[in-house]
Every structure is written in C-alpha cells, then in structure tokens.
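Colleague: Below are the sequence and a predicted model; questions follow.
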Amino acid sequence: MGRSGGRVQIVSPPIFPRCAVALASPFSPTSHGTPAPWFWQNPSTRPAARLSLACSDVRCVTGDRLSLDIDERAGWPEELLDLLRRYPRETWRARGSAIAQFWLERHDAFRRQCDALESLAAEYRAERLDARRFAASTAPALQNLLAHLHGHHQIEDFHYFPYFRAAEPSLARGFETLERDHQTLHAGMAAVVEAVNALLGAVAASEHDRHHVRGAAERYSDASLLLIRRLARHLDDEEDLIIPLMLDRG
C-alpha cells in the first residue's frame, strides 16, 4: 500500500516471476529443514508448470448437466469425489498430515480476513462507522488479504497444481477448474482495488458529497462481497480436491 496525491491507494499485487514463486514454497526440499513431501521425491519426474490454461469446456455430464463455473457450481461432480469419499472432511485434522494442516490453516486465515472485511462493511451499513473510518480501516485489511492471496495462488498455479495433476491424472479437470477460478478471482481483486480507491478518493475530497461517498462505498461493498463469495466457494472446493489427495499419498 502506498500514498499518491495525499491519499492511501491499494496497488494490485505484482505478477511474481516463476523462479521467485518456486523459491517461496514452504515445502521445497531445502526450506526450513522440512522433509520433502511425496510430490518432490523424484525430481526427474516433476512436470513443467503450464504457462497458459487450456480452453477446455467447463461443464461435465453426470446425468444432469453440471456447471463447473465458480458462480454456478455447488461442489464437484461425482467423478471427482472418489478420494473425498475415502477421506471425508470430518477426518482430515485427526490424520496428522503436516502439509494438509498447513494448507487448511492458510485457507482458514483467508476466511478470517474475509470475515473481518464483511464485519467492517456491516458496521458501515449499520452507521456505526462513518465513511472515513470505514475506508481507513478497510484499506489495510484488504491490502493484506490481496497480497497474501495473490502469492498463494501463484505458488499453486506454478508449483503445486502441476505436480498434483501429474500424480493423479483423473483429477485434471478439477485442477483446470481451480486455475480458471484463480483467473476469475484475480479479475475480482482488480475490481475491488478500483472500487476501494474510488472510495478513498471520495472520502479524501476536501468537500466531499455524502451521496457520492455513499455510492462509492456501496460499489466497493458489492465488489468485495462478490469476491468473498467466490473465494469461499473456491477454498471449499480446492480443499475437497487436494486434501484427500495429500492424505492418500501419505
């Protein structure tokens, strides 16, 4: 977050180079003395990260036609649920997998950050926060979420997902869907950045129009709630695909 023209601005997270992303992984074989997980154990077979997404269909047929679009789906189709049936969600934390626990904790942190942003918006709508305090409190909280979320997605797209896809080809469609989710989420992140900067600008005006500020706040609230709703769907589905695979491979 920086300052421009006397106001706080949230800057869209940078696109990290692939080499930096690979080095950022907390589970690389040489980081922090952590033993290499199963998908690092044979370097000669590591698949190359894909730089672009295949434009494959986002729908599959399981009796009825089921959309895998992030705004339409309500979970995975039957053909992607075999491992989840063997390792149901309620058993995950008791299984003692360090890498699965790390993944779940990172996702829970994102959920807590989203809850905090929703609470700020609710306080503003209930008129317990004025526009200036709402904007000032929201900006750093939003910046923190977006920066961590962007880095997390980069590591997944260029580091973890290619290995997972190679380890379990039957889940390829699921990983392609998650990658498309990332594109949708990042477009939503850009929209939220634009909306919150508009709110900050409206609040910072020397003689701001309350109607203009209210409109800017509502536009930010709509954009952020859409992002949060999509992220909640994505996190749940990502866990249902990945955590059982981690547990299955020990």
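Modeller: Noted; the coordinates are in hand.
Colleague: Please, which helix or strand holds Arg111?
Modeller: Taking DSSP states H and E as the criterion, Arg111 maps to helix 98-125.
Colleague: Does anything pack onto that helix? Which helices or strands?
Modeller: helix 131-155, helix 210-248 (3 or more C-beta pairs under 8 Å, 6 or more residues apart in numbering; DSSP states H and E). For the C-beta atoms, the positions are set from N, CA and C on the backbone; glycine is no exception.
Colleague: Hey, what's the angle from the longest one to helix 98-125? Just curious.
Modeller: So that's helix 210-248. Helix 210-248 runs at 160 degrees relative to helix 98-125, counting by axes from the mean of the first three to the mean of the last three C-alpha atoms, to 10 degrees.
Colleague: Over to the shortest one?
Modeller: Relative orientation of helix 131-155 versus helix 98-125 (the same axes, to 10 degrees): 160 degrees.
Colleague: ok, residues contacting stretch 210-223?
Modeller: Stretch 210-223 has contacts (C-beta atoms under 8 Å, 6 or more residues apart in numbering) with 121, 124-125, 131, 134-135, 138, 188, 191-192, 194-196, 198-199, 201-203, 205.
Colleague: Low-confidence ranges, the protein, go.
Modeller: Residues of the chain meeting the criterion pLDDT under 70: 1-66, 206-208.
Colleague: For burial, what's the neighbour tally of Glu105?
Modeller: 9 (other C-beta atoms under 10 Å).
Colleague: Compute the distance between it and Glu194, please.
Modeller: Distance, Glu105 to Glu194, by C-beta to C-beta, to the nearest Å: 31 Å.
Colleague: sorry, back to before: got the helices and strands packed on helix 98-125 as a markdown table, with distance to Glu78 and mean neighbour count columns?
Modeller: Shown next, in a markdown table, are the helices and strands packed on helix 98-125 (distance: least, C-beta to C-beta, whole Å; neighbours: other C-beta atoms under 10 Å):
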| stretch | distance to Glu78 | mean neighbour count |
| --- | --- | --- |
| helix 131-155 | 27 | 19 |
| helix 210-248 | 13 | 19 |
